[in-house]
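Trainee: quick one: sequence plus predicted model below, questions after.
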Amino acid sequence: MPTHDTHNYPPPIFAEEELEGHTPRLPIENHYGYGVIGIGLCLTCSEVRTLYVHSLINTHDESNGLCHGCMSVRLGQFAVERQRQLETMNVSGEKIYYEFLYRLYCAVYAEWSDVPQHTRNEILEHEQGCPACAKFFLPGTQDPRTDYQPVEAHALNEQEPKPRLVHRRCASTCGNCRQARYIPFGSNTWFLNRATVSVQISISRATEVCLDCLRGDDFVDYARCAGCSNYAHPDHLWTRFGDGQYCGACEQHIYECDDCGADYWEDDGHECDYEEPTSRSIHQWDFKPRGGFTFHGSDPHNLYLGFELETEVAEADSDMFNEYADNTAYLLTRESRGFLKYDGSLEHGFEIVTQPHTLEAYMSEFPFEVIDDLRRNGFRSWNTDTCGFHVHVSRTAFGWDHTQRKQSGKTEAHMLRFTKLIYDNRHYVRRLAGRSSSQWASFDDAGRLTQKIKQGHQSNGRYSAVNVSNTHTLEVRVFRGSMRIERIKSYLEFVHSAVEYTRELSVSPNNNTLVWGRYRKWLHQDQAEKYPHLVSLLSNLPRSIRAESESE
């Protein structure tokens with residue numbers, strides 16, 4: 001395996017004339033160096049990788065290394081920190097000093113991208129390469145409890161498979177054939193990260209079944225539950241509710257109202273005799289427009305967006321509340337732009353739901369003045385504990401065939417890149433969204449996104465950061481509710497830009513284009529005119545979510 005010499009040079013000591021000249025005496029390569037220390041667990045991401053040390057980071061200890069990707073992030077952070085310090089500098093000498101450091105660290109970060117990495121093909125050819133994920137096994141001296149230790153398992157889709165050593169984390173045991181299974185790297189089931197799926201075999205019990213058994217005669221009729229995403233047999237486990245079918249375990253969360261007989265999901269709650277002010281213009285939570293949705297605008301990729309804005313008012317008598325709701329509903333329905341719905345999480349308000357629009361249609365045609373009118377009359381969204389903002393993006397934007405209700409491997413790959421961009425950069429996305437909510441927009445699925453996209457399995461149900469349980473859309477639920485039109489437009493532009501950025505993106509271990517810095521660079525350099533509200537918001541975000549406030 002290739003290795004590289006370590007060049008550890010201390011940071012330069014700057015003399016007075018160097019500050020005035022704005023340039024260092026030594027070439028950039030003489031200021032900092034790197035080295036390879038072997039194979040092991042990266043301290044940051046806990047993945048088995050080739051580990052590097054760098055004299056800018058490991059100034060006193062070279063025993064703790066980072067993988068190439070995490071080292072790149074750390075080096076980039078140095079430049080960002082120097083840039084932030086520059087903004088607070090008043091003394092000219094200090095400013096010159098930090099300008100030099102900023103340019104120096106930017107150059108170090110840029111040169112790091114040229115440092116060679118091991119490809120997955122190289123790892124597979126190595127005697128310790130895992131045939132499932134094409135990553136290293138840990139050396140024998142490493143922690144034996146880790147999931148990267150080798151176990152014997154059988155490959156899927158092979159006649160009389162012979163067991164091979166794979167990572168413990170790459171193998172799963174089938175409850176039907178009792179064999180440990182793995183998916184060979186590069187096979188046509190690359191979109192799965194496990195060789196087994198969960199199958200509900202009774203109301204209270206589920207088991208893992210490998211894909212070979214699931215495709216066999218015994219499981220041919222099994223389908224997926226819309227609640228827990230487990231597979232189950234429709235003859236004795238399915239219950240219809242809304243647009244989906246649910247297994248017996250999820251059926252226990254569906255209740256029937258004793259007063260009106262309506263079915264409702266446990267977490268949604270239900271009210272059939274409202275004591276709060278109500279309006280005939282506000283529909284029930286399961287309302288759908290008669291005749292279907294109205295699509296506004298035209299897009300070559302069928303990229304349509306719809307948003308849900310939850311809003312509440314602190315004080316209003318019944319007549320006043322009804323008047324606000326009726327006026328809002330009239331302006332929304334006049335050109336089939338949207339409608340109002342009740343939401344179980346709201347105490348005294350409603351949810352604005354829009355018809356599908358292209359981004360251009362939102363910017364040029366949508367009557368955002370209805371939201372401004374509500375804000376001026378005391379309605380709030382940002383400064384509440386109950387309101388959120390959700391954006392639906394059409395599955396057709398990813399190539400989904402709505403006529404046959406199926407998605408190709410290319411469609412799933414694009415959905416996966418889109419979802420990973422949001423999940424892998426959740427720290428930045430939360431700052432953009434203005435909130436962090438494990439209750440309403442959980443990131444618990446991180447690390448299991450391929451299973452989420454392919455099978456629809458979500459550990460937190462539909463309350464995931466990106467909810468994939470809807471038939472025709474993906475729902476991005478991360479945003480804090482806002483009545484500010486500029487912020488609403490920036491939310492729409494973010495989801496639209498995330499779809500477009502990941503459309504033809506090439507992602508590999510040697511070229512991680514899903515990092516936030518690459519997306520920001522694409523956005524600012526190539527798309528600033530197309531997404532002006534998003535660019536403006538990103539340029540003015542505070543350093544933490546708690547530091548942000550919004551006056552409504």
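Mentor: Received the coordinates, thanks.
Trainee: just give the nearest non-adjacent residue to Gly434, would you?
Mentor: Distance criterion C-beta to C-beta, 6 or more residues apart in numbering; nearest residue to Gly434, sequence neighbours excluded, is Arg480 at 3.7 Å. Where C-beta positions appear, they are placed from N, C-alpha and C, glycine not excepted.
Trainee: tell me the contacts of that neighbour?
Mentor: 381-382, 387-389, 433-435 (C-beta atoms under 8 Å, 6 or more residues apart in numbering).
Trainee: partner residues bridging it?
Mentor: Using DSSP bridges, the beta-bridge partners of Arg480 come out as Gly388.
Trainee: and the longest helix anywhere in the chain, how far from the chain's centre?
Mentor: In the chain, with assignment by DSSP state H, the single longest helix is helix 92-112. Helix 92-112 has its average C-alpha position 33 Å from the chain's average C-alpha position, going by C-alpha atoms, centre = their mean, to the nearest Å.
Trainee: and it, what does it pack onto?
Mentor: Applying 3 or more C-beta pairs under 8 Å, 6 or more residues apart in numbering; DSSP states H and E, we find helix 92-112 packed against helix 16-21, helix 68-86.
Trainee: for Phe398, find the nearest of those.
Mentor: helix 68-86 (25.7 Å; C-beta to C-beta).
Trainee: that older thread, among the contacts of Arg480, name the buried ones.
Mentor: Among the contacts of Arg480, those buried by neighbour count (16 or more other C-beta atoms under 10 Å) are 381-382, 387-389, 433-435.
Trainee: okay, the residues you listed in CSV with pLDDT and distance to Leu138 next?
Mentor: Listed next are the buried ones among the contacts of Arg480 as CSV, based on pLDDT from 0 to 100; distance: C-beta to C-beta, whole Å:
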residue, pLDDT, distance to Leu138
Ser381, 92, 49
Trp382, 88, 47
Cys387, 90, 47
Gly388, 92, 42
Phe389, 95, 44
Ala433, 92, 37
Gly434, 90, 40
Arg435, 85, 38
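Trainee: quick one: the residues you listed as a markdown table, columns for distance to Tyr98 too.
Mentor: A markdown table is the format used below for the buried ones among the contacts of Arg480 (distance: C-beta to C-beta, whole Å):
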| residue | distance to Tyr98 |
| --- | --- |
| Ser381 | 40 |
| Trp382 | 35 |
| Cys387 | 41 |
| Gly388 | 40 |
| Phe389 | 38 |
| Ala433 | 31 |
| Gly434 | 30 |
| Arg435 | 33 |
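Trainee: from those residues, which is closest to Thr88?
Mentor: Among the buried ones among the contacts of Arg480, Gly434 lies closest to Thr88 (C-beta to C-beta), at 24.6 Å.
Trainee: doesn't Val478 make contact with the closest one?
Mentor: No - if you go by C-beta atoms under 8 Å, Gly434 and Val478 don't touch, sitting 9.1 Å apart.
Trainee: of the helices and strands packed on helix 92-112, flag the one that's most buried.
Mentor: Sort the helices and strands packed on helix 92-112 by mean neighbour count, taking mean count of other C-beta atoms under 10 Å, and helix 68-86 sits at the top with a mean of 17.
Trainee: do a quick rundown of the strands in the stretch 401-550 of the chain.
Mentor: For the stretch 401-550 of the chain, the strands defined by DSSP state E, counting those that start in this stretch cover 466-467, 473-480.
Trainee: now render these as TSV, adding mean pLDDT and distance to Asn511.
Mentor: Below are the strands of the stretch 401-550 of the chain laid out as TSV (pLDDT from 0 to 100; distance: least, C-beta to C-beta, whole Å):
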stretch	mean pLDDT	distance to Asn511
strand 466-467	93	23
strand 473-480	94	25
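Trainee: in CSV: those strands, plus distance to Phe418.
Mentor: Formatted as CSV, the strands of the stretch 401-550 of the chain follow (distance: least, C-beta to C-beta, whole Å):
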stretch, distance to Phe418
strand 466-467, 8
strand 473-480, 7
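Trainee: I'd like to know which of these lies nearest to Ser442.
Mentor: Of the strands of the stretch 401-550 of the chain, nearest to Ser442 by C-beta to C-beta is strand 473-480, at 8.9 Å.
Trainee: confidence score at Ser55?
Mentor: On pLDDT, Ser55 comes in at 82.
Trainee: now Cys130
Mentor: 86.
Trainee: test my guess that it contacts Arg169.
Mentor: No - the criterion here is C-beta under 8 Å, and Cys130 misses it with Arg169 at 9.3 Å.
Trainee: more neighbours: the two, which one.
Mentor: Cys130 (24 against 18; other C-beta atoms under 10 Å).
Trainee: and the gap between that one and Lys162?
Mentor: 16 Å (C-beta to C-beta, to the nearest Å).
Trainee: likewise for Met415?
Mentor: 34 Å.
Trainee: higher neighbour count, these two?
Mentor: When Met415 is set against Lys162 and neighbours are counted by other C-beta under 10 Å, the residue ahead is Met415, at 27 against 8.
Trainee: report the contact partners of the more buried one.
Mentor: Contacts of Met415 (C-beta under 8 Å, 6+ apart): 395, 398, 407, 453, 468, 474.
Trainee: for the last one, which residues count as its bridge partners?
Mentor: Assessed by DSSP bridges, Leu474 has beta-bridge partners Val393.
Trainee: ok, it - how many residues close by?
Mentor: 23.
Trainee: wait, it sits on Val468?
Mentor: Yes - Leu474 is in contact with Val468 according to C-beta under 8 Å; the separation is 5.8 Å.
Trainee: so what's in contact with those two at the same time?
Mentor: 415, 419.
Trainee: of the contacts of Met415, closest to Gln200?
Mentor: Of the contacts of Met415, the one sitting nearest to Gln200 (C-beta to C-beta) turns out to be Val468, at 19.1 Å.
Trainee: gap between the closest one and Glu475?
Mentor: 8 Å.
Trainee: CA atoms only: put stretch 112-123 into CSV for me.
Mentor: The C-alpha coordinates for stretch 112-123 follow below in CSV (Å, rounded to 0.1, in the frame of the first residue of the first chain):
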residue,chain,number,x,y,z
TRP,A,112,-4.8,18.6,0.8
SER,A,113,-7.2,17.6,-1.9
ASP,A,114,-4.3,16.4,-4.0
VAL,A,115,-3.1,13.9,-1.3
PRO,A,116,-3.6,10.4,-2.7
GLN,A,117,-6.1,8.1,-1.0
HIS,A,118,-6.7,4.3,-1.2
THR,A,119,-9.5,3.4,-3.7
ARG,A,120,-12.0,0.7,-3.0
ASN,A,121,-10.5,-1.4,-5.7
GLU,A,122,-7.1,-1.2,-4.0
ILE,A,123,-8.7,-2.2,-0.7
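Trainee: now that stretch: buried residues?
Mentor: 112, 117-118, 120, 123.
Trainee: okay, and which of the residues you listed map to strands?
Mentor: Applying DSSP state E to the buried residues of stretch 112-123, no entry is found in strands.
Trainee: and the strands in the stretch 251-400 of the chain?
Mentor: 254-256, 263-265, 282-283, 305-313, 338-341, 349-354, 379-380, 388-394.
Trainee: using TSV, lay out those together with distance to Asp147.
Mentor: Formatted as TSV, the strands of the stretch 251-400 of the chain follow (distance: least, C-beta to C-beta, whole Å):
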stretch	distance to Asp147
strand 254-256	36
strand 263-265	35
strand 282-283	48
strand 305-313	39
strand 338-341	44
strand 349-354	42
strand 379-380	46
strand 388-394	34
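Trainee: between those, which gets nearest to Ser55?
Mentor: Of all these, it is strand 388-394 that lies closest to Ser55, at 44.3 Å by C-beta to C-beta.
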